[in-house]
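Trainee: Fold the following for me, if possible:
(one chain, ligands or ions: 4)
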Amino acid sequence: MSHKVIPISRRSVLGAPVPRHDGGALADTLGRPMRDLRISVTDRCNFRCTYCMPREVFDAGYKFLAHEAILSFEEITRLAGIFVGLGVKKIRLTGGEPLLRKDLPRLVEMLAPLGADLTLTTNGSSLVKHAAALKLAGLNRITVSLDSLDEATFRAMNDADFPVAKVLDGIAAAANAGFSPVKINMVVKRGVNGDQIVDAARYWRDSGHILRFIEFMDVGSTNGWRMDDVIPSAEVVRRIGEAFPLEPIAANYAGEVAGRWRYRDGAGEVGVISSVTQAFCRDCNRMRLSTEGSLYTCLFAQQGYDLKSLLRGGADDDAIRDSIAAVWRARGDRYSENRTAETAKKPKVEMSYIGG
Ligand code: GTP
Ligand code: 5AD
Ligand code: SF4
Ligand code: SF4
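Mentor: Numbering: from 1, shown residues only. Ligands and ions are numbered 1, 2, ... in the order given. Below you'll find the model as predicted:
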């Protein structure tokens, strides 16, 4: 792996020990609170989406994490409890493909009592099997990635020959289990699925679910990102609006990543996630915990902070809490706001490892 993971300790150079019980008052150097924790539960995936885990890199020789290296459910739950104590209100389980982690509903069951908004981002390939158990375990919401409704395009984008119908079945299973509305993420790449924006909008409007278009991002170092492949959200909204008139609607909460639009004819809403053309770092309240227990303060981070050594070295909750708080207090990330052709080429952590 090309990035650094630096050790943290209670007497970290990052800052003095943090006062106890500061509740929601924890803020980074830009005054942003920590509200959203994204936990990657596995770095593995059964898809090889070209923009995320290109097959040439993530091939048979790729070294995924060993079982001993990844956090156990007990370790994740203990950390999550500490994060909630520091003000986190939403926990998102990601990966890789989180449903590849054995017994994931058991982790959901362990996290649910913490009282955070508990959500999952999945490729949907095994939702038919797991949706009901996830609901029973206490999961609140599900987001499914589906980049195309066209069979050939989808199979080429997931590069695992996975059919559209199975993901649609997974979305239906999630809805039947009580997860409606499901959010559908569609990463848009010019020349790949860029011609299918209006088709997707047409398919999902009036379905009760919420489609969101994501600008192709320069996350990681392996996906061959080029600005030319990005279709700006403004163009996405214009194209949809020409077919189905739209009007903007307010964010659900401060720091929501998706810009929201409503069909004027009452057929529901669509979202656009414009990390490249309209960066939303100013309100970014997300902390990421990698599969092996390192903290990342930005999706585009070049270094993480090793929390696992502290955890496995016998540190008590207060020490861990102080270390997490110190990392957050020292945070000044605003990668997307400062993106240049140069920074886009720098080595960064892969999204499958850090969690989307
Ligand atoms: P809600 O809780 O439903 O609002 O979901 P969310 O938008 O927090 O979660 P989701 O995982 O669905 O986010 C959608 C996508 O936005 C992610 O998969 C990423 O592609 C992108 N995204 C999320 N957070 C960040 C971020 O901090 N920075 C950037 N650049 N992109 C992000
Ligand atoms: N650009 C934009 N979105 C991405 N995702 C993964 N890699 C990228 C990228 N390079 C999306 C996935 C999924 C979510 C976790 O992030 O499609 O919906
Ligand atoms: Fe897997 Fe999601 Fe990455 Fe695709 S985007 S390779 S489904 S983790
Ligand atoms: Fe947050 Fe980094 Fe994304 Fe900006 S680029 S929104 S700081 S994760």
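
Trainee: CA only for contacts and neighbour counts going forward, please
Mentor: OK.

Trainee: residues from the stretch 251-356 of the chain in reach of ligand 1?
Mentor: Glu256, Val257, Ala258, Ile273, Ser275, Arg286, Leu299, Gly356 (CA under 6 Å from any ligand atom).

Trainee: Any of those buried? List them.
Mentor: Val257, Ala258, Ile273, Ser275, Arg286, Leu299, Gly356 (16 or more other CA atoms under 10 Å).

Trainee: from the residues you listed, which ones fall inside strands?
Mentor: Per DSSP state E, strands hold the following members of those: Ile273, Arg286.

Trainee: which one of the buried ones among the residues of the stretch 251-356 of the chain next to ligand 1 is nearest ligand 4?
Mentor: Leu299 (4.2 Å; CA to the nearest ligand atom).

Trainee: mind listing what that closest one touches?
Mentor: Val219, Arg288, Val349, Met351, Ile354, Gly356 (CA atoms under 8 Å, 6 or more residues apart in numbering).

Trainee: and what of Ala69?
Mentor: Glu292.

Trainee: Kindly provide the distance from it to ligand 2.
Mentor: 22 Å (CA to the nearest ligand atom, to the nearest Å).

Trainee: So which of the contacts of Leu299 is surrounded by the most neighbours?
Mentor: Most neighbours among these, by other CA atoms under 10 Å: Ile354, with 31 neighbours.

Trainee: What count of nearby residues applies to the closest residue to that one other than its chain neighbours?
Mentor: In space, and not counting its chain neighbours, Ile354 is closest to Ser290: 4.6 Å by CA to CA, 6 or more residues apart in numbering. The tally of other residues near Ser290 (other CA under 10 Å) stands at 29.

Trainee: does Ser290 really touch Val41, like I thought?
Mentor: Yes: contact criterion CA atoms under 8 Å: Ser290 and Val41 qualify, at 7.4 Å.

Trainee: what's near enough to touch the residue of the stretch 101-250 of the chain found nearest ligand 3?
Mentor: Per CA to the nearest ligand atom, Asn123 is where the stretch 101-250 of the chain lies closest to ligand 3, at 4.7 Å. Residues counted as contacts of Asn123 (CA under 8 Å, 6+ apart) are Glu97, Val144, Ser145, Leu146, Val167.

Trainee: now those residues as JSON lines including secondary structure and pLDDT?
Mentor: Listed next are the contacts of Asn123 as JSON lines, based on DSSP: H, G, I helix; E, B strand; the rest coil; pLDDT from 0 to 100:
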{"residue": "Glu97", "secondary structure": "coil", "pLDDT": "98"}
{"residue": "Val144", "secondary structure": "strand", "pLDDT": "98"}
{"residue": "Ser145", "secondary structure": "strand", "pLDDT": "98"}
{"residue": "Leu146", "secondary structure": "coil", "pLDDT": "98"}
{"residue": "Val167", "secondary structure": "helix", "pLDDT": "98"}
